[in-house]
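>>> here is my input, please return the structure:
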Amino acid sequence: MKITESQLRKLIRVGILNESNHDEEERVSEMRQFSDSRSGKKVMSAGNKISSAGNAIYEIAVDQTGGMRQTLERVSEFVSKLGESLSGLNSLEEGISVTDTLPTVNEFKQIIKDIQKLEK
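As a prediction, this is how the structure comes out:
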């Protein structure tokens, strides 16, 4: 059986396309690889502890009044969000990023302002 040059080129193109599609199917993000690793599990465990610390701060905030209460509530929310983001590294669905669950920079800036008010 003879193969012409054009047939050979077509076979090569089809083979290259199949390889690239196969590679895309097997790709696993670095975040997914990390979350499945031993170190990733340790980070998720630490995230649970951080989230618990946020809850503990909230319990303290309930006993406070005024600016201190508001500041501690914001701190507890920030810490809880951070902990939940870390503890849920492996539970994210397609199209959702860890960055979507993290606290925002504006939330952090507001905490800084609140603390500065308390220090005056």
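
>>> can we go C-alpha only for contacts and neighbour counts from here?
OK.

>>> residue nearest the centroid of this structure?
V98 (2.2 Å; CA atoms, centre = their mean).

>>> mind checking the SS state of L89?
coil (DSSP: H, G, I helix; E, B strand; the rest coil).

>>> state the distance from the closest residue in space to it that isn't next to it in sequence to A53.
Closest residue to L89 apart from its sequence neighbours, by CA to CA, 6 or more residues apart in numbering: S35 at 5.9 Å. For S35, the distance to A53 (CA to CA, to the nearest Å) stands at 22 Å.

>>> quick one: which of these two has more around it?
S35 (21 against 16; other CA atoms under 10 Å).

>>> lowest-pLDDT helix or strand in the chain?
Here the helix or strand of the chain ranked lowest by mean pLDDT, DSSP states H and E is helix 5-26, holding a mean of 68.

>>> need the CA coordinates for the helix or strand following that helix. CSV is fine.
Following helix 5-26 in sequence order, the next helix or strand is helix 30-36 (DSSP states H and E). The C-alpha coordinates for helix 30-36 follow below in CSV (Å, rounded to 0.1, in the frame of the first residue of the first chain):
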residue,chain,number,x,y,z
GLU,A,30,-1.6,22.9,39.9
MET,A,31,-4.1,23.9,42.5
ARG,A,32,-5.9,20.5,42.1
GLN,A,33,-2.6,18.6,42.3
PHE,A,34,-1.6,20.6,45.5
SER,A,35,-5.0,20.0,47.2
ASP,A,36,-4.7,16.3,46.5
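
>>> what lies in contact with helix 30-36?
Residues outside helix 30-36 that contact it (CA atoms under 8 Å, 6 or more residues apart in numbering) are 40-41, 44, 89-90.

>>> go again with 6 Å.
40, 89-90 (CA atoms under 6 Å, 6 or more residues apart in numbering).
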